[in-house]
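J.: How does the following fold in three dimensions:
(2 chains)
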Amino acid sequence: MSFLEVRGVSKRFGGITALNDVSLTVEKGEIFGLMGANGAGKTTLFSVIAGHAAPSSGEVLFKGRRITGLPPARICRQGICRTFQIVRPMAGLSVAENVRVAALYGSHGLRPGPQTDAKVAEALAAVGLDDQLETLAGALTLSGQKRLEIARALATGAELVMLDEVMAGLNPTEIAHMLDTLSALRRERGLTFVIVEHVIGALMTLSDRILVLHHGERIAFGTPEDIGRNDQVAEVYFG
Amino acid sequence: MKGIWPTAGVVLAGLALAAPLSGNAYLTGVAFQIAMWIALAQSWSMLSATTGYVSLGHAVFYGIGGYVAVLLVDAAPFPLVLLVAALAPAVFAAVIGLPVLRVRGPYFVILTYGLSELVRHGVMRIESALGSFGRMIFSAPSPEALLWWMVALAVAATLGAWAVRHSRFGAGLAAIREDEVAAETLGVPTARLKLLALIASAIIPGAVGGLAMMRTGYFEPGQAFDPVVSFTIVTMALVGGTDSVRGPVMGAIGFALLSELLWSSFPQLYMIVLGAALIGFVLFVPQGLSGLVDRIAGRRA
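T.: The predicted structure is shown next:
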């Protein structure tokens, strides 16, 4: 049984096919990369897995259980949490309050109290935001807001974290810092990640295996070395 | 600064309860009005300040409670009448909640207003079909008893609003206000929480409506479901500030006192001055009275 299994998922918006019969399996503890140009269907695939969009056909299984069609909140409580390409901080709440919501409502379902506060502090420390607990989330830098989304995902108790372009818009120093954070999270917590990334260097460094999507179809799959040597990928990406 | 608010609340409730001792019926009436608006604005804030779903139709809960109370007042003991007056709008909220809470922003505002008007006209039709053109109430409790009930409701609404804000439930509602999509991604069951907030915010206005009809001694649907009730609730909450539980209290007191004062001093200019005051508040004191007090206190500290 795979940790996450996507079986023959298609998603059509009117006449446009955003995903066409995509299948993949993610194993526990791995970092699974999704690659593809704009409009390849990466974010749509995220939305289908996280419950924000119902697939036109196909199904998604998490730890052997079918999660297709469940609302996002239920999927979160089962242990999957995503971040957003265009960040969604709860801008009027403090950094700590943002993460507290995740601790209270995620799969831990904690009650308010010291245990929740500890969980919040620990999640923020893991992403290096523990010195900004009282800052309003809207006042954080982009890099800070991306970290905040990761901290929220951690605080939900997610076992599978899906990161949608968590490097986009960051400067090289911030990207290096983020790479360190993600490697540490995987090493120390055994978390499983699915990541979408335009920063190809980062994707190649982090991922154990990479799936390449093009116009909603799967065109290549393998280790970063395989993908680097793949002619079709080179053609799609570099013309 | 923080510790004085509960004390201030207790003093205020004590003063209101003692108003009849003055022997001045006008004072009892003003205390009743203030307690009523606190209870209404505080209940409204449980839904609208927490989730950002701004209801412009809370008169419907007030009106349903008033109607039910008038129909039952001769048939049941008074506490039971109030209980049913409180539960009836809660049931109504539970029925309409799911579809209504699917829309947000300005659409929700308009929808709640329209719904309230729909019920108002419905009840007017029913009453006229029954051949009733207003119902007199002969068995209402004394003005003092009504005041005490109303103060109890104001206290209950304030404590309730405080409890909501400081609970897990309140954290979920705040997340919905900030970003509903992010909230559900973090496991917040948004549809359920919104419905519960709507129901919670409908209960006390129902009982308030019952007491208000008893106080006037007369029920007429056009008045019981008057949209001005909804407008006044929103105005008071905005004037007071929606960031804290003391906001609606300050707004209700400030607004009610101001209108009493204007009414007695400038009867011709009353509404004009009140309107100007409201505009001034929205433009220059967007955090409301409670925010203003915090700012002044912060400057001193």
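
J.: Hmm, residue B:89 is touching residue B:205, no?
T.: Yes. Residue B:89 lies in contact with residue B:205 (Cβ atoms under 8 Å); the separation is 6.5 Å. Where C-beta positions appear, they are placed from N, C-alpha and C, glycine not excepted.

J.: Now do the shared contacts for the two.
T.: Here residue B:89 and residue B:205 share the contacting residues B:61, B:62, B:65, scored by Cβ atoms under 8 Å, 6 or more residues apart in numbering or on different chains.

J.: In chain A, where is pLDDT below threshold?
T.: For chain A, the stretches with pLDDT under 70 are A:239.

J.: same check, this time on the stretch 201-301 of chain B
T.: Within the stretch 201-301 of chain B, the stretches with pLDDT under 70 are B:300-301.

J.: Going by residue numbers, what spans are helices in it?
T.: Assigned by DSSP state H, counting those that start in this stretch, the helices in the stretch 201-301 of chain B fall at B:221-224, B:227-240, B:246-265, B:270-284, B:288-300.

J.: could you dump these to TSV with mean neighbour count?
T.: Formatted as TSV, the helices of the stretch 201-301 of chain B follow (neighbours: other Cβ atoms under 10 Å in any protein chain shown):
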stretch	mean neighbour count
helix B:221-224	20
helix B:227-240	22
helix B:246-265	20
helix B:270-284	13
helix B:288-300	15
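
J.: quick revisit: between the shared contacts of residue B:89 and residue B:205, which is nearest chain A?
T.: Set against chain A, the nearest of the shared contacts of residue B:89 and residue B:205 by Cβ to the nearest Cβ is residue B:61 (27.3 Å).

J.: Check the gap between that closest one and residue A:99 for me.
T.: Distance of residue B:61 to residue A:99, given as Cβ to Cβ, to the nearest Å: 35 Å.

J.: ok, these two, which is more surrounded?
T.: The residue with more neighbours, out of residue B:61 and residue A:99, is residue B:61; 35 against 32, by other Cβ atoms under 10 Å in any protein chain shown.

J.: Which SSE is immediately downstream of the strand or helix carrying that one?
T.: Per DSSP states H and E: residue B:61 is located in helix B:59-72. The helix or strand immediately downstream of helix B:59-72 is helix B:78-100, counting by DSSP H and E.

J.: now that following helix against helix B:59-72, angle please.
T.: Interaxial angle of helix B:78-100 relative to helix B:59-72 (axes from the mean of the first three to the mean of the last three Cα atoms, to 10 degrees): 140 degrees.

J.: Write out the residues of the stretch 51-200 of chain B neighbouring chain A.
T.: Proximity of the stretch 51-200 of chain B to chain A is confined to B:166-168, B:171-172, B:174-175, B:177-179, B:181-190 under the rule Cβ under 8 Å from any Cβ of the partner chain.

J.: which among those residues end up buried?
T.: The neighbour count (16 or more other Cβ atoms under 10 Å in any protein chain shown) marks B:168, B:171-172, B:174-175, B:177-179, B:182-190 as buried among these.

J.: and the residue of chain B at minimum distance from chain A, what does it touch?
T.: Closest contact between chain B and chain A, by Cβ to the nearest Cβ, is at residue B:178 (3.4 Å). Contact partners of residue B:178, counting by Cβ under 8 Å, 6+ apart, are A:90, A:91, A:92, A:93.

J.: thought the first one was touching residue A:99?
T.: No. In this structure, residue A:90 sits apart from residue A:99 without contact. The criterion is Cβ under 8 Å, and the distance is 10.0 Å.

J.: Looking at the shared contacts of residue B:89 and residue B:205, spot the one nearest residue B:289.
T.: Of all the shared contacts of residue B:89 and residue B:205, residue B:62 has the smallest distance to residue B:289: 23.3 Å, by Cβ to Cβ.
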